[in-house]
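Trainee: Okay, here's the prediction I keep looking at, along with the sequence it came from:
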Amino acid sequence: MLDTSTWPVKKMNVLRDLHLDPENVRLDLADAKVEADILTDLFANENALGLVEGICKVGYLTHETPVVVKRGEQYVMAEGNRRLAALKVIQNPLLVPSFKSRVESLVELLPDRSALSSINVMFAPTQDDADRFVAILHTANLRRPWGPSRQAAFFRTQLESGRTFRELVQRYPLANVGKFVFQFRVVNMFESVPYEDPELHDFTTTKSWRKGLSTLARIYESRAFRDLLGLSMDADGKLSMTVTDDVFAQVAAVIVQGMLEGSINTRHLNSVESTRFKRLMSELAAIVNADESGSAATSSTPSAATTGHDIESDPTRTEEAASTGDRSSEPEPAGHAKRPRRPRHTFLDTSQIRVPDSYPLPFKHFIEELSVLDVQNHPNAGFMMLRAALEKGIKCFAEAKNVEIHDTHRDRNGFVQLGHCLDWLNDYIRDAKETRLIQVIDGVRSGKVQYYTLSKNKMNAVNHNHLVAVDGDEVVALWSSIEPLMRYLMKP
C-alpha cells in the first residue's frame, strides 16, 4: 500500500532544478535523451500548448502535486511531465521555437510569469514507488469523469445561483459554456411542453428519457433542425425561435413519441445523412410549413420565442400572454399542446427494409428517397416509385440468385418489365413453398376490381395512362400490401 502522506514536499525551480523524464510513456520518441526533443514531442503530440493556455487563462491548479524521483544527481519528473513542460516554456518560449509566438501571446495574460518559476513537488522515496504511483493513477480509473449531461447540470446550477451567462464564459474560459447552456435550455424546453398525451410528459421524467438525451442531442445539434425552427442562443445565453410555441410543441411531440417508441435512437440517427434522420426532418418540416401557411392571416403578435424572450420557465409569461393576445387566450384546451397537424400516414414506414450490401448502391439510394417522400403531398410520384421499387427489388433478388429473368419468359427479345418480374417471383415463391407470400403475389398480379388499387394493372395505369391518378391513401394502401414482399426481397 502506498502512503504518499509521508512523502516530502519541496519547492523547486522548473528550469534549473527539475528535468523531464526521458522514459515517460507519453513520449513518441524511441530514445529521447535531449530535453529539447522531449519538449518538442510533448507539444507536438500531447497538446502541452493546451496546458499552457489553461495555466495562463485559469491559473496553475495545485490540487495535484507533481511527483519527482531522484536519479543519480538529477530530479526527474515521474508524474506531471506535461505540466513541467508547459511551465518551462512559459518561462522561456524559445525552448519550443515552432510554438514560440503562440506561447508568448498566452503568456501576456499572466500578471507575473515569475510567480510560476518554482512549484511544489512531492518526492517519491524510490523509483519503484514512483512507478507504482504512476500506474495506479493512470490505469485504475479512480476518477470518474463528468459526462456531457453532468457538465450541463453544473452550469445550470451556476445560472440558477445568480451568475449570468457572460460571467460563466469569463469564469470558465476553457469550458464550452455556450454548448452546455444551450443543451440544458433545449432539454428544458422539451420537458416543459404541456403534452396532450400524458404518457409523453411522464416519459420525460424517467431515467430512460435521461439516458436518451444523447439521441435528442443528435437532433437539436444538427443545423437542419436549428434552421428549421430558427433556434439560436444570443450572447446572454437566451434562446429564441422563429416558430411559435404551439409549433414547437407539435415538433416536440413527434420527437418524444419516437424516442418513447424506440423508432428514434442513436442507431437510427447515426448521421444527418441517415434515412431516419432525413425522414424525421421532412416530417417536422411538414409541421412547420403547415403553420406558416396559415399563421400569417391569424396573428401578427410574435410569441416569446420569436422575440428572443427566455424560453425557460418564466413566471411573467402568463400575464404577458393575457395582455398581448397570446395563443393561450384562444378557445383551445388550456395548457395542452395540440397533436401535430399532419396526415396520419405522411411517410411510408420503411424501417423494416434493410437493403443488403450486395445489392446495387443506386437501389439503396432509391429506397432512401422513397422513405423521405411526403406521399400525401406527392401521391402520384410515390405510387410510381413504389411500382419501380417492387420491380427493381425483384430484379436485385433474382440477380442475387444468379437468375436472368429475361431468360425465363417467352418474349426473349423484349425488355424485362414488372409483369415478367412478378411471373418469375410467383414461380420462385411457389417452388420455395413460401405460402404466406403466395396471396400477396396473387393480389398484386390480379386485375380484379376489388384488388384494383393494389394491382399490377393499376400500377401500370398510373405509370402510363395520362388520365389516371391516385391519392395519398392509395399509396399507403399499396405499400401496406407489398411491404411483406419487399422485406422478403431484402433477404437474398
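Mentor: Looks like it arrived, so ask away. Numbering: from 1, shown residues only.

Trainee: tell me the mean pLDDT for stretch 401-410?
Mentor: For stretch 401-410, the mean per-residue pLDDT is 78.

Trainee: and for that stretch, what are the contacting residues?
Mentor: Defining contact as Cβ atoms under 8 Å, 6 or more residues apart in numbering, one finds that stretch 401-410 is touched by 394-395, 398, 412, 416, 420-421, 423-424, 427-428, 492. The C-beta positions use only the backbone N, C-alpha and C, and glycine is treated the same way.

Trainee: out of those residues, who's nearest residue 19?
Mentor: Closest approach to residue 19 among the contacts of stretch 401-410 (Cβ to Cβ): residue 492, at 65.2 Å.

Trainee: What sits closest to the closest one if chain neighbours are left out?
Mentor: Among residues not flanking residue 492 along the chain, residue 400 sits closest, at 3.4 Å (Cβ to Cβ, 6 or more residues apart in numbering).

Trainee: Likewise for residue 390?
Mentor: Closest to residue 390 by Cβ to Cβ, 6+ apart is residue 482, at 5.6 Å.

Trainee: Contacts for whichever strand or helix holds the one you found, please.
Mentor: Counting by DSSP states H and E, the element that carries residue 482 is helix 472-489. With contacts defined as Cβ under 8 Å, 6+ apart, helix 472-489 is touched by 343, 345-346, 348-349, 352-353, 375-377, 379, 382-383, 386, 389-390, 393-394, 396-397, 434, 436-437, 440-441, 443-444, 453-454, 459.

Trainee: which of the residues in it are buried?
Mentor: Residues of helix 472-489 classed as buried: 472, 474-476, 478-479, 481-483, 485-486, 488-489 (neighbour count, 16 or more other Cβ atoms under 10 Å).

Trainee: and the two most separated of the residues you listed?
Mentor: Going by Cβ to Cβ, the pair spanning the buried residues of helix 472-489 furthest: 472 and 488, at 25.3 Å.

Trainee: Mean confidence (pLDDT) on the helix or strand containing residue 216, please.
Mentor: When elements are assigned from DSSP H and E, residue 216 belongs to helix 213-220. The pLDDT scores in helix 213-220 average 92.

Trainee: now swap in stretch 117-135 and tell me
Mentor: 90.

Trainee: end-to-end on it?
Mentor: The first residue of stretch 117-135 is 28 Å away from its last residue (Cα to Cα, to the nearest Å).

Trainee: Can you mark which positions in that stretch are buried?
Mentor: 118-119, 121-124, 129-130, 133-134.

Trainee: Kindly report the same for stretch 185-199.
Mentor: Quick answer for stretch 185-199 (16+ other Cβ under 10 Å): 185-187, 189-190, 193, 195-196.

Trainee: Determine which two of those are furthest apart.
Mentor: Farthest-apart pair in these is 185 and 196; separation 23.2 Å (Cβ to Cβ).

Trainee: ok, and the closest non-adjacent residue to residue 242?
Mentor: Closest residue in space to residue 242, ignoring its immediate chain neighbours: residue 230 at 2.7 Å, by Cβ to Cβ, 6+ apart.

Trainee: Check whether the one you found really touches residue 247, as I assumed.
Mentor: No - checked against Cβ atoms under 8 Å, the pair residue 230 and residue 247 is beyond contact range at 10.5 Å.

Trainee: of these two, who's got more company?
Mentor: residue 247 (25 against 13; other Cβ atoms under 10 Å).

Trainee: Is that one in a helix, a strand, or coil?
Mentor: Residue 247 carries the three-state label helix when classified by DSSP: H, G, I helix; E, B strand; the rest coil.

Trainee: For residue 389, see how far away it is.
Mentor: Distance, residue 247 to residue 389, by Cβ to Cβ, to the nearest Å: 33 Å.

Trainee: Same question for residue 396.
Mentor: From residue 396 to residue 389 the distance is 10 Å (Cβ to Cβ).

Trainee: Could you do residue 355 as well?
Mentor: Taken as Cβ to Cβ, the span from residue 355 to residue 389 is 10 Å.

Trainee: any common contacting residues for the two?
Mentor: Listed as contacting both residue 355 and residue 389 by Cβ under 8 Å, 6+ apart are residue 367.

Trainee: coming back round to it: any idea of the mean pLDDT in the helix holding residue 482?
Mentor: Mean per-residue pLDDT for helix 472-489: 86.

Trainee: Same question for stretch 77-92.
Mentor: In this model, stretch 77-92 has an average pLDDT of 94.

Trainee: where along the chain do the strands fall?
Mentor: Using DSSP state E, the strands of the chain run over 9-13, 18-19, 67-71, 74-79, 118-123, 232-233, 239-240.

Trainee: Please convert the buried residues of stretch 117-135 to a markdown table, extending it with distance to residue 79.
Mentor: Listed next are the buried residues of stretch 117-135 as a markdown table, based on distance: Cβ to Cβ, whole Å:
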| residue | distance to residue 79 |
| --- | --- |
| 118 | 18 |
| 119 | 13 |
| 121 | 10 |
| 122 | 9 |
| 123 | 12 |
| 124 | 9 |
| 129 | 11 |
| 130 | 7 |
| 133 | 6 |
| 134 | 5 |
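
Trainee: between the residues you listed, which is nearest residue 90?
Mentor: Among the buried residues of stretch 117-135, and counting by Cβ to Cβ, the member closest to residue 90 is residue 119, at 11.2 Å.

Trainee: For the closest one, which non-adjacent residue is closest in space?
Mentor: residue 14 is the one closest to residue 119 (Cβ to Cβ, 6+ apart), at 6.2 Å.

Trainee: Quick check, the one you found in contact with residue 91.
Mentor: Yes - with contact defined as Cβ under 8 Å, residue 14 reaches residue 91; the gap is 6.4 Å.

Trainee: So those two - more neighbours on which side?
Mentor: Neighbours were counted for residue 14 and for residue 91 using other Cβ under 10 Å; residue 14 has more, 23 against 15.

Trainee: if I look at the more buried one, how far off is residue 121?
Mentor: In this view, residue 14 and residue 121 are 9 Å apart by Cβ to Cβ.

Trainee: ok, residue 119 touching residue 60?
Mentor: Yes - contact between residue 119 and residue 60 holds when scored by Cβ under 8 Å: they sit 7.3 Å apart.

Trainee: Name the residues contacting each of those two.
Mentor: When contacts are counted by Cβ under 8 Å, 6+ apart, residue 119 and residue 60 are jointly contacted by residue 87.

Trainee: rewinding a little: quick check: the gap between the residue nearest to residue 390 and residue 171.
Mentor: Per Cβ to Cβ, residue 482 is found 60 Å from residue 171.

Trainee: now residue 35
Mentor: Taking Cβ to Cβ, one finds residue 35 at 35 Å from residue 171.

Trainee: Report how many residues lie close to residue 113.
Mentor: Using other Cβ under 10 Å, the number of residues around residue 113 comes to 16.

Trainee: Cross-check the contact I'm expecting between it and residue 89.
Mentor: No - applying Cβ under 8 Å as the test, residue 113 and residue 89 come out as separate, 10.7 Å apart.
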